[in-house]
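Asker: okay, predicted coordinates and the sequence, questions at the end:
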Amino acid sequence: MIDAIPTILAPTASGKTDLAINLAKKIDGEVIGLDSRQIYEQIPIGTAQPTKKDMKGVTHHLIGYKSVKEPVSAGQYAKLVHSCIEHIRSREKIPILCGGAGLYFRALNSGIFDQSKSELNIRKNLEDSYDSGNAQKMMNTLKKIDPEYYEHVHINNRKRLIRALEIYEGTGKAPSEHFKNQKNKPTPNLNLFSIYLNWNRSVLRDRISKRTAKMIKKGWIDEVKNLIDKYPELNLHPLDSIGYRQIASYLNNSLSLENLESEINTKTYQYAVKQIKWFKKEKIELIINMNSKTNISRAVKKILSAIN
């Protein structure tokens, strides 16, 4: 039995899922998603969720698991992952984590937010401020107190922005400082072996463009339209994601079809760069340099050699 949990990390469009599936077939494993958007069931196309065919018979967890009406925090995700690991191991299978959500990885590795106190009056004041049109002012405050964490918060991500300022107002510490204080407190009974897929940026940009075109062809625009039509009264958390924002703008005639794909590609690549910078700050046990000719089976062999 492999003791450490293989944890495949990489920016978006890096081929993480394919590698995780091939590794799982070699070690009798099951894949646990580590993705802040793939957990939602109504948005499989835009979040690049693997299909049943893609999974090749490998059991996946936390993919299409929650309704878009149920936002999941990093702390909640960590608890779900723990539960999945326990369930997988109880059947003598090997859990494999796979994703690009740096915040969720840190939640598992460092117990993020576990000791953060939530003052209801602080949160209520921040919520009222955001809803009164002060989102940009709040973003400016976050940039001033924590420029590092600011890079990972979008102005439309109401919950994360409010939570960041709530921590600061409640503890006097910036969120990033809080995370660093937790770094030497690994999650009990969780031994992660982190594997990072390192791509040349120009190759990654090309992979992103090809994937965007494929997603649109598969019906991404209809996916967003159906979501908006079904929940017109809700400010859905997943709709602040890259691609969904741009398609929503296209649907309300704020963005032309000609510019839609290029806008998604640009925003996705910018996000990928942020992911790359994030993972550079994490402890990584194995880095696999990837290129267009990299053989998945060769990458699997490298992982097996490292974890056995």
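Answerer: Nice, I can see it. Numbering: from 1, shown residues only.

Asker: and residue 274, how far from residue 287?
Answerer: Between residue 274 and residue 287 the computed distance is 18 Å (C-beta to C-beta, to the nearest Å). Using the backbone N, CA and C atoms, a C-beta is placed for each residue, glycine as well.

Asker: then residue 158?
Answerer: 35 Å.

Asker: quick one: which of these two has more around it?
Answerer: residue 158 (19 against 14; other C-beta atoms under 10 Å).

Asker: so how far is residue 14 from that one?
Answerer: 29 Å.

Asker: before we move on, what about residue 172?
Answerer: The value you get for residue 172 to residue 14, if C-beta to C-beta is used, is 38 Å.

Asker: which one of those two is surrounded by more residues?
Answerer: It is residue 14, of residue 172 and residue 14, that has more neighbours when counted by other C-beta under 10 Å, with 24 against 8.

Asker: my guess is that one contacts residue 100. True?
Answerer: Yes - between residue 14 and residue 100 there is a contact at 7.4 Å, judged by C-beta atoms under 8 Å.

Asker: quickly find the element holding the residue lying closest to residue 41 once chain neighbours are set aside.
Answerer: Closest residue to residue 41 apart from its sequence neighbours, by C-beta to C-beta, 6 or more residues apart in numbering: residue 64 at 4.1 Å. In the assignment (DSSP states H and E), residue 64 maps to no helix and no strand.

Asker: ok, residue 64 to residue 37 distance?
Answerer: For residue 64, the distance to residue 37 - C-beta to C-beta - is 11 Å.

Asker: so which of these two has more stuff around it?
Answerer: Shown here are residue 64 and residue 37; by other C-beta under 10 Å, residue 37 has more neighbours (22 against 17).

Asker: find me the pLDDT at the more buried one, would you?
Answerer: What the model reports as pLDDT for residue 37 is 92.

Asker: mind listing what it touches?
Answerer: If a contact means C-beta atoms under 8 Å, 6 or more residues apart in numbering, then residue 37 has 43, 46-47, 238, 241 as its contacts.

Asker: next, it: secondary structure please.
Answerer: What DSSP: H, G, I helix; E, B strand; the rest coil gives for residue 37 is coil.

Asker: what's the helix or strand for the residue found closest to it once you drop the neighbours it is linked to in the chain?
Answerer: Once flanking residues are discounted, residue 37 sits nearest to residue 47: 4.3 Å by C-beta to C-beta, 6+ apart. Using DSSP H and E, residue 47 sits within no helix or strand.

Asker: please report the distance of residue 64 from residue 279.
Answerer: 25 Å.

Asker: next one: residue 230
Answerer: For residue 230 relative to residue 279 (C-beta to C-beta), the value is 35 Å.
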